[in-house]
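>>> Have a look at this fold, sequence not included:
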């Protein structure tokens, strides 16, 4: 495999815990660098000091000058400014969200091959969540219409400009064709990698560190978008179950939540603390309304946690219900039923946790990098010789 020069785009700097998409970009970039490619990652500059290199990947902060008060003004400013920072001699340019629609892509016979890395279909997320907002009159309705129109233009332009579009799940491939129909041969399924578990100590040590009693049933949720990822449903399910397990704890990571009645809101945490939560918990619950891949539940499964997800989480290749509980409805009572059964039966939890770990261990960033090469290799071979 020849060495390629690749420019990626990320939504946040390396090590930022607030963006699962950005983390996937940095991990994939590091895996491609380890395979001999020369990789740079461009991201919006938030004025925090950053090293010039991260695990073999060049770090390129892009200033957000020229941001205007208009829909997606920050994304548009990033795309335009990033265009001036592109490596015009690169072999590949890989964008990953609606910012791609504001890029001014190089042209010509030897221009870099442009690819679009889909984490979520942003327009589907918009259509799924905006109707759930509290209605506040005509101004909000008009604002939503303008926002959607701008999003369609930006996301659609970026996707249609791509020589190849990479999706993480068959569900996202279906959504892509629903919103932005394109030839099937341009769309490629490349599942995300799932980070290896961290060694943060025993279950008892992690509980002590988190101020969780060693002997109480403990449930975990991780997600930055609570409405989309089903935190209200998870909270209601836990509330119903806690009647039968009065000392139970519910650890919530990433989303704001009021602590009390067994609920412990930890907010945005670093990777070590998140690993302690996954090591300390008995069950992981994730009742998402929409998820493009489902990194959080797969990460929990790699820690051996018995995991409950909604039917909206793509779980391709899942061997059976004994590897992960997939709830068939959005009713909190259905989630509470599975949660109560798992909390009451340690042997069942261990069995599901073991099968789930075997399934989730198949996903690695090394394998993702290999699939990435398989997708873009033929496109680069067809470029004229320089």
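That came in fine, so what should we check first? Here the structure is a predicted model, which means the values were calculated and not measured.
>>> show me where the stretch 201-350 of the chain has strands.
Along the stretch 201-350 of the chain, the segments classed as strands by DSSP state E, counting those that start in this stretch run 218-222, 249-253, 263-267, 283-286, 306-310, 325-327.
>>> Redo those as TSV? Include mean pLDDT, distance to residue 174 and mean neighbour count.
In short, each C-beta sits where N, CA and C put it, glycine included. What follows is these, written out as TSV (pLDDT from 0 to 100; distance: least, CB to CB, whole Å; neighbours: other CB atoms under 10 Å):
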stretch	mean pLDDT	distance to residue 174	mean neighbour count
strand 218-222	98	26	27
strand 249-253	98	30	24
strand 263-267	96	34	16
strand 283-286	98	21	29
strand 306-310	98	17	28
strand 325-327	96	18	21
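>>> Would you map the helices across this structure?
Assigned by DSSP state H, the helices in the chain fall at 20-34, 73-85, 122-129, 138-161, 170-179, 203-210, 231-242, 271-280, 295-302, 332-344, 346-360, 365-381.
>>> which one of these has the lowest average pLDDT?
Among those, helix 122-129 carries the lowest mean pLDDT, at a mean of 87.
>>> re earlier: how about the strands of the stretch 201-350 of the chain in TSV, adding distance to residue 317?
As requested, these are exported to TSV (distance: least, CB to CB, whole Å):
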stretch	distance to residue 317
strand 218-222	22
strand 249-253	26
strand 263-267	31
strand 283-286	17
strand 306-310	14
strand 325-327	13
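>>> Can you tell me which of the ones you listed is nearest to residue 147?
For these, the distance to residue 147 is smallest for strand 306-310, at 26.1 Å, taking CB to CB.
>>> what helices or strands is that closest one leaning on?
When contacts are defined as 3 or more CB pairs under 8 Å, 6 or more residues apart in numbering; DSSP states H and E, strand 306-310 packs onto strand 283-286, helix 295-302, strand 325-327, helix 332-344, helix 346-360.
>>> Compute the inter-axis angle for the longest one and helix 332-344.
Interaxial angle of helix 346-360 relative to helix 332-344 (axes from the mean of the first three to the mean of the last three CA atoms, to 10 degrees): 110 degrees.
>>> rewinding a little: for residue 44, which of the helices of the chain is the nearest?
Taking CB to CB as the criterion, residue 44 comes closest to helix 73-85 out of the helices of the chain, the separation being 5.0 Å.
>>> Pull out the buried positions in the closest one.
Neighbour counts using 16 or more other CB atoms under 10 Å place 75, 76, 77, 78, 79, 80, 81, 82 of helix 73-85 among the buried residues.
>>> What is the nearest of the residues you listed to residue 38?
Where the buried residues of helix 73-85 are concerned, and distances follow CB to CB, residue 38 has its nearest neighbour in residue 82, at 18.0 Å.
>>> ok, now which ones touch that closest one?
Contact criterion CB atoms under 8 Å, 6 or more residues apart in numbering gives 9, 42, 62, 99, 103 as the residues in contact with residue 82.
>>> go with 6 Å
42, 62 (CB atoms under 6 Å, 6 or more residues apart in numbering).
>>> What separation is there between it and residue 1?
Residue 82 sits 27 Å away from residue 1, going by CB to CB, to the nearest Å.
>>> got it, and residue 225?
Look at residue 225 and residue 1: by CB to CB, they are 37 Å apart.
>>> more crowded one of the two?
Set side by side, residue 225 and residue 1 show unequal neighbour counts under other CB atoms under 10 Å, the larger going to residue 225 at 18 against 10.
>>> how much space between the more buried one and residue 129?
Look at residue 225 and residue 129: by CB to CB, they are 8 Å apart.
>>> quick one on the thing from earlier: out of the helices and strands packed on strand 306-310, flag the one nearest residue 181.
Sorting those by CB to CB, the top spot, which is the nearest, belongs to helix 295-302 at 26.9 Å.
>>> rewinding a little: make JSON lines from the helices and strands packed on strand 306-310 and add distance to residue 151 to it.
Conversion of the helices and strands packed on strand 306-310 to JSON lines gives the following (distance: least, CB to CB, whole Å):
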{"stretch": "strand 283-286", "distance to residue 151": "26"}
{"stretch": "helix 295-302", "distance to residue 151": "23"}
{"stretch": "strand 325-327", "distance to residue 151": "30"}
{"stretch": "helix 332-344", "distance to residue 151": "31"}
{"stretch": "helix 346-360", "distance to residue 151": "32"}
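>>> quick one, which of the ones you listed is packed in tightest?
The highest mean neighbour count among those, using mean count of other CB atoms under 10 Å, belongs to strand 283-286: a mean of 29.
>>> Just the mean pLDDT for stretch 313-324, thanks.
Per-residue pLDDT values across stretch 313-324 average out to 86.
>>> Span of it from start to end?
This stretch, stretch 313-324, spans 11 Å end to end (CA to CA, to the nearest Å).
>>> Is it possible to get CSV of the helices of the chain that adds distance to residue 55?
What follows is those, written out as CSV (distance: least, CB to CB, whole Å):
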stretch, distance to residue 55
helix 20-34, 4
helix 73-85, 21
helix 122-129, 28
helix 138-161, 27
helix 170-179, 27
helix 203-210, 26
helix 231-242, 32
helix 271-280, 14
helix 295-302, 19
helix 332-344, 37
helix 346-360, 22
helix 365-381, 11
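>>> and residue 286, which of these is closest to it?
Evaluated over those, closeness to residue 286 peaks at helix 295-302, with 4.7 Å, by CB to CB.
>>> For the closest one, which helices and strands make contact with it?
Identification of packing neighbours for helix 295-302 by 3 or more CB pairs under 6 Å, 6 or more residues apart in numbering; DSSP states H and E yields strand 283-286, strand 306-310, helix 346-360.
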